[in-house]
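sequence first, predicted coordinates after that:
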Amino acid sequence: MSRTPLFAGNWKMHKNVKETLEFLDDFLPLAKDISSEIAIFPPFTSLYAAAEKIKGSGIKLGAQNMHWEDRGAFTGEISPPMLKEIPCDYVIIGHSERRQYFAETDDTVNKKVKSAIKHGITPVICVGESLEQREKGMTLSVVLAQVEKALSGVQIGCGNDLIFAYEPIWAIGTGKVALPSDAQEVIGAIREKLCKLYGNVAQDIRILYGGSVKPDNIKDLMAQPDIDGALVGGASLDAKAFYQIATYNRG
Ligand SMILES: O=C[C@H](O)COP(=O)(O)O
């Protein structure tokens, strides 16, 4: 089993082209010093500029969403071949903000996961419970149902074909990070489910934690056996903070 830690910066609807290039001017010199894998997820309009700028740096690039079809009359949507052309390595699928505000369902998540894998783009599949669901003791049943539905009919060749991100909705952008032991409980249960679906190869699937990750809480999260990195929102907008998160193990 060897899972390279991944620190993924989801910029959400932040940073135009100019701001993206400014961030990279600050971050690229720092990134030379990072041994973990780094991926950034700028808005669609900044992807191409980011791709050109990070060439040869080892930093990976991802989109925050995509349609599952290759082309068609889907006004406002972006297809997998368009992302490949950039080129994007990753795509976030099923982020809770898309589930909550843009009618993303388990069914569309499943279609997008299948399409991403078919096109050689690694999906970062987001799952997580609301505060109400957690308080009712439904966390594991909600999250594991999301995992199962996302993967319905999905075949994988190896553990690198997909990534999961467990993001409790109540921890996103709130400053309330999950207790590392609580995050481990859910992420451990996700891995067990993946083992049931895919056997030993599931030991190679990376599962990230997301939700108010900051330089001062990442170390305790990364000490958990099944947490393989983080999907970072707000703190990934700042080059220094994102660098500090990715180098949490330097003491
Ligand atoms: O995709 C990232 C998550 O939604 C976490 O966002 P946050 O770090 O701002 O809480």
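Nice, I can see it.

please enumerate the helices of the stretch 151-251 of the chain.
Along the stretch 151-251 of the chain, the segments classed as helices by DSSP state H, counting those that start in this stretch run 180-198, 218-222, 239-246.

which one of those lies nearest to Lys60?
With CB to CB as the measure, helix 239-246 is the member of the helices of the stretch 151-251 of the chain nearest Lys60 (12.5 Å). In short, each C-beta sits where N, CA and C put it, glycine included.

how far does that closest one sit from its chain's centre?
Once both centres are worked out by CA atoms, centre = their mean, to the nearest Å, helix 239-246 turns out to sit 16 Å from its chain's centre.

any residue of it touching the ligand?
No. Judged by CB under 6 Å from any ligand atom, helix 239-246 stays clear of the ligand, getting no closer than 9.8 Å.

show me what that helix is packed against.
Applying 3 or more CB pairs under 8 Å, 6 or more residues apart in numbering; DSSP states H and E, we find helix 239-246 packed against strand 6-10, helix 17-31, strand 229-232.

I'd say Ile86 and Leu47 touch.
Yes. At 4.9 Å, Ile86 counts as touching Leu47 under the criterion of CB atoms under 8 Å.

overlap in contacts, these two.
Listed contacts common to Ile86 and Leu47 are Leu61, Ala63; contacts here mean CB atoms under 8 Å, 6 or more residues apart in numbering.

re earlier: need the helices of the stretch 151-251 of the chain in TSV (columns: mean pLDDT and mean neighbour count).
Formatted as TSV, the helices of the stretch 151-251 of the chain follow (pLDDT from 0 to 100; neighbours: other CB atoms under 10 Å):
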stretch	mean pLDDT	mean neighbour count
helix 180-198	97	18
helix 218-222	97	19
helix 239-246	98	21
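
let me have the ones you listed in a markdown table, extended by distance to Thr4.
Below are those laid out as a markdown table (distance: least, CB to CB, whole Å):
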| stretch | distance to Thr4 |
| --- | --- |
| helix 180-198 | 16 |
| helix 218-222 | 13 |
| helix 239-246 | 12 |
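
give me the nearest residue to Leu151, chain neighbours excluded.
Distances taken as CB to CB, 6 or more residues apart in numbering put Leu197 closest to Leu151, at 6.1 Å, once the chain neighbours are dropped.
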